[in-house]
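> Below are the sequence and a predicted model for it; my questions follow.
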Amino acid sequence: MALLLGVDTGGTYTDAVLIRDEQEVIASAKALTTRHDLAIGIGGAVEAVLSQSEVDVAEIGMASLSTTLATNALVEGQGGRVGLVYIGFRERDLEGHGLQEALGGDPALALEGGHNHAGGEAKPLDIDTLSAWLDTEMGVSAFAVASQFATRNPAHEQAAMEMIQAKTGRPVSCSHHLSAKLNGPKRALTAVLNARLIGMIARLIEKAEEKLAELGVHAPLMVVRGDGALISADQARERPIETILSGPAASIVGARWMTGTDHALVSDIGGTTTDVAVLRGGKPTIDPAGARVGPWRTMVEAVAMRTTGLGGDSEVHVIDEGLDGGVILGPRRVVPISLIAHEAEGQVLRVLEEQLRNDTPGEYDARFVRAVPGIEAGGLQAKDATLLERIGTEVLPVGKVLKTRMEAAALRRLVQRGLVQISGATPSDASHVLGRLDAWNREAAEMALTLLARKRNGAGNRVASGPEHMAQMIVDQLTYQTSLALLETAFAEEEEPFGLASTELAKHVLMQRGLRHHRGLVRLETGLNVPVIGLGASAATYYPAVGERLGCSMELPEHAGVANAIGAVVGRVTIRRSGTVTAPSEGRFRAHFESGPKDFIEVDAALDAMQAKLEADARKLATDAGAEDITVSATRDIRQAEAEAREVFLEAEITVEAIGRPRIAF
């Protein structure tokens, strides 16, 4: 009977579970995620489950890791500095699909070269310009390469990758490795985001492997992909973007395993995000347009899911406009005041006491900043470097760190690079004040919410009467925003979609009045018609009120707080590979292999050759990922046109899927 170890590293907590033979959870535990050294949090959670279960570590036959770090990084605009080599495109093409915005000022080179739709060379690759560009000091941690029609012929991407690796030694993310589909700007965006995540995910896997080995766990390490499937740690290092939505995907697999429910909405609240997906027939839907995280639409296959910047550690913004005022939450995660005071009690409480003694509220009351050690700080602007040096190694009030209002932009850039963390009031602090949570420093939370309650609305009155009133306002707002996220997903996924956008329908006055059971000349009743499975450590705290508001059944499984870690070990290895066959001229059929295009005189020969290559590649990758009992299936999407009373072949896309059980080590 094999023991399976699942680990999930989230923005706030790292979870671990031990499952016996995919049947029974025998131990589960949580530890704080330690951004500066992920091994500490991983070790704390794993040591706790080993201690609880008192098992022999030699019995552990597989370890698997899911994570929200990649998702959180993209939602919050964090990650390493990258350099983009954009081949066969013009400078203005950088605007496509938000590519310029995704770069965020990172260096990019538009280079002559690329291929045409048939795989022929459009222009020679300008290797000399690339070489000169690489000689400049850019302070990047990785490079992204995207070439025009690289999925039809990747030769220029491969040549650029080889030169970059030879001259810089840095990792390179090629767009044709990440997707077989057309749409150069979107592939480039995916490659940029992948490059931005390489260092972060590599550090996570390295820390996990080191800590597990230190604890005597020598079983192979798997990683959850964004579609809920498992891949090897080495594959995740090469394609870290495939781990976006890894944690949420694992949670859906875990939700199905825990509840057996076939048809429901699954809502997973973490520290940074709330992730909502639809479970149909016991399976999550794969997003055909590619995973969307925050503002980015990628070409990564992942669970169809809506990710909202709303969690237990979402930043509380006080609305001081209008007669009533109020609060809104997110989308940025901050370190809860109660947590930072738990870690640096004297420094934080002293500052909060000073701020409370002031007669008038300050702009930066109850807000702190600290540096994150161990993160590469290359390529910083002078003003950013000066600010980072001023922050030093202490926990400091933001008002003391910022000498001018102009420096607020520099602080935002440091946060985006992951070099510093902001601390402020969050729903977690509100839960401490209301007595629903007792993990960190309640006194600091009360002081922080007292400071927020002193702020004035447009009528000149205090926003709240005290810390308890402010805490309830925050929790009520979380209920409202969570309900909106669920309704937006439900409307968007209706099999007979409505005319209005899902966000408009969710917020529509009739919908909101119906949730409150309006009774007048008209009776209005609205709500969800399927159950919601609530997941996450704080689901039991916040979600009963969400179920009441939406008039639906709210299922809160026993192990809802570690659903991600459960899903990490009950999944399957799944490898998908796609390829294209085109007809560049009559009687000629071109199979676009990664090694380059090859022509055939018979369409069936071209299709069979492409399918055979994809099947061999998928089977090998599944084996490399640690799968056994592999089954391989293929589908052919053949597009034809009718001309002169006969069918003419235009193009075909072949997709192969290899599925197997993860190999258990004994």
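Alright, I've got the coordinates.
> all strands for the stretch 351-500 of the chain, in order.
Using DSSP state E, counting those that start in this stretch, the strands of the stretch 351-500 of the chain run over residues 368-371, 396-397, 420-424.
> The second one pairs with which strands, parallel or anti?
Strand 396-397 sits in its sheet next to strand 368-371 (antiparallel), going by DSSP bridges.
> gap between the strand it pairs with and the chain center?
Distance of strand 368-371 from the chain centroid (C-alpha atoms, centre = their mean, to the nearest Å) equals 24 Å.
> Same check on stretch 381-396?
Relative to its chain's centre, stretch 381-396 lies at 28 Å (C-alpha atoms, centre = their mean).
> ok, residues contacting it?
Identification of contacts with stretch 381-396 by C-beta atoms under 8 Å, 6 or more residues apart in numbering yields 340, 343-344, 347-348, 368-371, 373, 377, 380, 401, 407, 410-411, 413-414, 419-420, 423. The way it works is simple: take the backbone N, C-alpha and C, and place the C-beta from them, glycine included.
> again, but for stretch 13-29
Stretch 13-29 has contacts (C-beta under 8 Å, 6+ apart) with 1-8, 30-33, 38, 41-42, 44-46, 48-50, 52-53, 55, 60, 271, 537, 559, 561-562, 564-566, 569-570.
> Just name the most buried of the strands of the stretch 351-500 of the chain.
A comparison of the strands of the stretch 351-500 of the chain by mean neighbour count, using mean count of other C-beta atoms under 10 Å, puts strand 368-371 on top with a mean of 25.
> export that strand as CSV, just CAs?
Output of strand 368-371 as CSV, limited to C-alpha atoms (Å, rounded to 0.1, in the frame of the first residue of the first chain):
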residue,chain,number,x,y,z
PHE,A,368,4.6,48.8,6.3
VAL,A,369,7.3,47.7,3.9
ARG,A,370,10.1,45.2,4.1
ALA,A,371,12.7,43.8,1.6
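> what's the average pLDDT for it?
Averaging pLDDT along strand 368-371 gives 95.
> which residue is nearest the middle of this protein?
For the chain, the residue nearest the mean C-alpha position is residue 71 (1.4 Å; C-alpha atoms, centre = their mean).
> Please look at that one and residue 274 and confirm they touch.
No. With contact defined as C-beta atoms under 8 Å, residue 71 does not reach residue 274; the gap is 11.5 Å.
> any residues in contact with both of those two?
Contact criterion C-beta under 8 Å, 6+ apart; residues bridging residue 71 and residue 274 by contacting each: residue 307.
> just checking, what's the longest helix in this structure?
Ordering each helix of the chain by length in residues (DSSP state H) puts helix 184-214 first.
> Need the residues that contact the very next helix or strand once past that helix.
Sequence-wise, the next helix or strand downstream of helix 184-214 (DSSP states H and E) is strand 221-224. Residues outside strand 221-224 that contact it (C-beta under 8 Å, 6+ apart) are 62-67, 205, 208-209, 212, 230-233, 235-236, 243, 246-247, 249-250, 567-568, 571, 573, 625-626, 662.
> In PyMOL, how would I select the buried members of those residues?
Of those, the buried ones go into a single PyMOL selection, burial set by 16 or more other C-beta atoms under 10 Å:
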select buried, resi 62+63+64+65+66+67+205+208+209+212+230+231+232+233+235+236+243+246+247+249+250+567+568+571+573+625+626+662
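> could you flag which of the contacts of stretch 13-29 are buried?
Neighbour counting by 16+ other C-beta under 10 Å classes 3-8, 30-33, 38, 41-42, 44-46, 48-50, 53, 55, 60, 271, 537, 559, 561-562, 564-566, 569-570 among the contacts of stretch 13-29 as buried.
> I'd like the strands of the stretch 351-500 of the chain as a markdown table, with distance to residue 653 appended.
Below are the strands of the stretch 351-500 of the chain laid out as a markdown table (distance: least, C-beta to C-beta, whole Å):
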| stretch | distance to residue 653 |
| --- | --- |
| strand 368-371 | 48 |
| strand 396-397 | 55 |
| strand 420-424 | 44 |
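> who wins for proximity to residue 115 among those strands?
Nearest to residue 115 among the strands of the stretch 351-500 of the chain is strand 420-424; the distance by C-beta to C-beta comes to 43.1 Å.
> now the helices for the stretch 101-250 of the chain?
Using DSSP state H, counting those that start in this stretch, the helices of the stretch 101-250 of the chain run over 127-134, 155-168, 175-178, 184-214, 233-238, 246-259.
> next SSE after the last one?
Spelled out, that is helix 246-259. Later in the chain than helix 246-259, the nearest helix or strand by DSSP H and E is strand 264-269.
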